[in-house]
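In: Give me a 3D structure for the following:
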Amino acid sequence: MVRVKRGNVAKKHRTRVLKFAKGFKGAHSRLFRVANGQVMKALVYSYVGRKQRKRDFKKIWICRVNAAARLEGMNYSTFRHVLKKSSIELNLKMLAQLSVLDPATFSKLLIETKTN
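Out: This is a model prediction of the structure:
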């Protein structure tokens, strides 16, 4: 049986993995076996991190809207309920932006929904 020498293919694979591991500390960026494990772990973390980022932003938006609503004497859940009843379709991100950047408009929106 003929022996297959994988010189080019293996070298290309290793250099690609080591290039990905640039910036890792110590052997994690220099030795292929260690770097390969760390790159795979990093790819898993990056996938999970993209999901966590969405959760974290939602938490921040809820906190901001809740804080702004409480200044006007209403909590978050009742505010969202009243918004839904008055058929105002603003998403959470936009409500949070309003509460931070334009509190006057947010309080006007809150007062408007209270009266309906």
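In: Only C-alpha atoms from now on, for both contacts and neighbour counts.
Out: Fine.
In: Could you grab the helix/strand/coil label for the spatially most central residue of the chain?
Out: The centroid of the chain falls nearest to residue 53 when counting by C-alpha atoms, centre = their mean (1.7 Å). With DSSP: H, G, I helix; E, B strand; the rest coil as the basis, residue 53 sits in helix.
In: Against residue 72, how distant is it?
Out: 29 Å (C-alpha to C-alpha, to the nearest Å).
In: the helices in the chain, which residues?
Out: In the chain, helices defined by DSSP state H lie at 7-20, 27-30, 32-71, 76-85, 92-101, 103-115, listed in chain order.
In: Check which residues of the fifth one are buried.
Out: Going back to what we said before, that points to helix 92-101. 93, 95-96, 98-100 (16 or more other C-alpha atoms under 10 Å).
In: circling back: averaging pLDDT over each of the helices of the chain, which comes out lowest?
Out: With a mean of 87, helix 103-115 has the lowest mean pLDDT of the helices of the chain.
In: And the contacts of it?
Out: Helix 103-115 is contacted from outside by 68-69, 72, 79, 82-83, 86, 95, 98-99, using C-alpha atoms under 8 Å, 6 or more residues apart in numbering.
In: which of those residues tops the neighbour count?
Out: residue 68 (23 neighbours; other C-alpha atoms under 10 Å).
In: Spit out the contact partners of that residue.
Out: Taking C-alpha under 8 Å, 6+ apart as the test, what residue 68 contacts is 99, 103, 106.
In: and which of the residues you listed is nearest residue 13?
Out: Using C-alpha to C-alpha, residue 99 is the member of the contacts of residue 68 that sits closest to residue 13, with 50.3 Å.
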